Structure formats: structure tokens, C-alpha cells
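>>> what's the 3D shape of this:
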Amino acid sequence: MGVKRSLQSAGLSLGLLANILVVLAASTDFWSRFSEGHSGLWRVCRKHNCTNSSCETMLAVTAACVVLAAGSGLVASVLGIRVLQASLNGNLIPPRGRNACLGFFLSALLLLAGMVGYTAREAWKVDSFFSWFYFTAWLALPFSILAGFCFLFADMILQSTDAISGFPVCL
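I've put the predicted structure just below:
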């Protein structure tokens, strides 16, 4: 397995891990804890009584960014699978990983925007502190960025070998 395929495999693995973490974080209620209970993007639980979150702009923007980040990461993963599969089949003109790279970077940017918004919303509350899945969402951010860089570097290697193969050989 060459460097290009190793980078593509690593990028796909990191991207899938980032997607799992984002979906897991978005689906839970443990983003912040306070004296009476805990809350997430969708619900607030107080003393074993859970209700839907109030319609706050910053919370809605955070939820939208996290959901869009998960969607972008899913699309990038599908593109990454396509690139890796074409590379393994030995296609003469394999698809470039540029689109997968951009998808993972977009996912990271959306996740960063959502997390900064949630942090700004919750940081000023006195009796509240961040919980498990808040940090899980933050952990998905570097994985998504690294996945994008893996596909970017693999694409750069592919372009450089294509450029070198066009030079005439002098004997």
C-alpha cells in the first residue's frame, strides 16, 4: 500500500470517527450540567423531567451548525469511500480527493461555529458547567480537520506523480 492510499485510508478513518462523534454528541442531552439537571441542544432535563429546549437564537444556530456539520461529514465520507475504492481498483484516472477534503473542512468549520456559539451562550452561567458530549463534539473537530488534510496531501501526491510522469525520460 502506497503513501497515497495510506493517507486516503487514514483520512477516511478519521472522518468516520469524527462523524460518529458529532452524531453521538448531537443526539444527547449532556452538553451542560447544572444544579437541577442537564441540558443539550434539543432538551432540558430538570429532576427527571425533560422538556424541549426553549427557542433561543444561539441554541438554534448551534443545533443547525452541528447538524449541517454531520451532513457535510457524511457527504465527505461517501466521497472519500469513492476515492479510496477507485484507488484500490487501479483506475487509470482516479477521482481526486479534493471534494472529500473540502467536505471535511466545511464540516470542521460548521462544527467550530456551532461550538463557539454554544460556548459563548453557556460560559456566562454561574452554576453551569460543560459536560461529556460537549467535549465529544470538540474532539470531533481536530479529527475532521486531520481527515481533510489527509485527503489534501493524498491529492497533492497524486498530482505531483501525474506531473512527473509527463516528463520525457533521457537515457
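
>>> Could you list the buried residues of the lowest-mean-pLDDT helix or strand in the chain?
The helix or strand of the chain with the poorest confidence is strand 49-52; it has a mean of 82 (mean pLDDT, DSSP states H and E). Across strand 49-52, burial judged by 16 or more other CB atoms under 10 Å covers residue 50. All C-beta atoms are positioned from the backbone trio N, CA, C, and that covers glycine.

>>> Mind listing the strands that strand pairs with, and their directions?
Partner strands for strand 49-52, per DSSP bridges, with pairing direction: strand 43-46 (antiparallel).

>>> For the partner strand, which outside residues touch it?
29, 36, 37, 38, 39, 50, 51, 52, 53, 54 (CB atoms under 8 Å, 6 or more residues apart in numbering).

>>> that older thread, dump the C-alpha coordinates for the least confident helix or strand of the chain into CSV.
The C-alpha trace of strand 49-52 is given here as CSV (Å, rounded to 0.1, in the frame of the first residue of the first chain):
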residue,chain,number,x,y,z
ASN,A,49,-38.5,15.8,33.9
CYS,A,50,-37.3,16.5,30.4
THR,A,51,-38.8,19.2,28.2
ASN,A,52,-37.9,20.6,24.8
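
>>> average pLDDT for whatever helix or strand comes next after that strand?
Sequence order places helix 57-89 as the next helix or strand after strand 49-52, per DSSP states H and E. The average pLDDT within helix 57-89 is 90.

>>> same check, this time on stretch 121-129
79.

>>> and it, which residues are buried?
121, 122, 128.

>>> Burial check on residue 108, number of neighbours?
24 (other CB atoms under 10 Å).

>>> In which helix or strand does the residue nearest to it when sequence neighbours are not counted reside?
Nearest non-adjacent residue to residue 108, counting by CB to CB, 6 or more residues apart in numbering: residue 144, 4.0 Å away. For residue 144, the host element (DSSP H and E) is helix 132-165.

>>> what's that helix packed up against?
Here helix 132-165 touches helix 3-26, helix 57-89, helix 98-122, going by 3 or more CB pairs under 8 Å, 6 or more residues apart in numbering; DSSP states H and E.

>>> any idea how far it is from the chain center?
How far helix 132-165 lies from its chain's middle: 10 Å, per CA atoms, centre = their mean, to the nearest Å.

>>> One more: stretch 15-31?
With CA atoms, centre = their mean, you get 9 Å for stretch 15-31.

>>> Also stretch 103-115?
For stretch 103-115 - counting by CA atoms, centre = their mean - the centre lies 6 Å from the chain centre.

>>> Restrict it to CA atoms and write it as CSV.
What follows is stretch 103-115, C-alpha atoms only, in CSV (Å, rounded to 0.1, in the frame of the first residue of the first chain):
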residue,chain,number,x,y,z
GLY,A,103,-16.3,18.4,2.7
PHE,A,104,-14.3,17.6,5.8
PHE,A,105,-13.0,21.2,6.1
LEU,A,106,-16.6,22.5,5.7
SER,A,107,-17.7,20.1,8.4
ALA,A,108,-15.0,21.3,10.7
LEU,A,109,-15.8,25.0,10.0
LEU,A,110,-19.5,24.4,10.8
LEU,A,111,-18.7,22.5,13.9
LEU,A,112,-16.4,25.2,15.1
ALA,A,113,-19.1,27.9,14.5
GLY,A,114,-21.6,25.8,16.4
MET,A,115,-19.3,25.0,19.3
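
>>> All good on my end, thank you.
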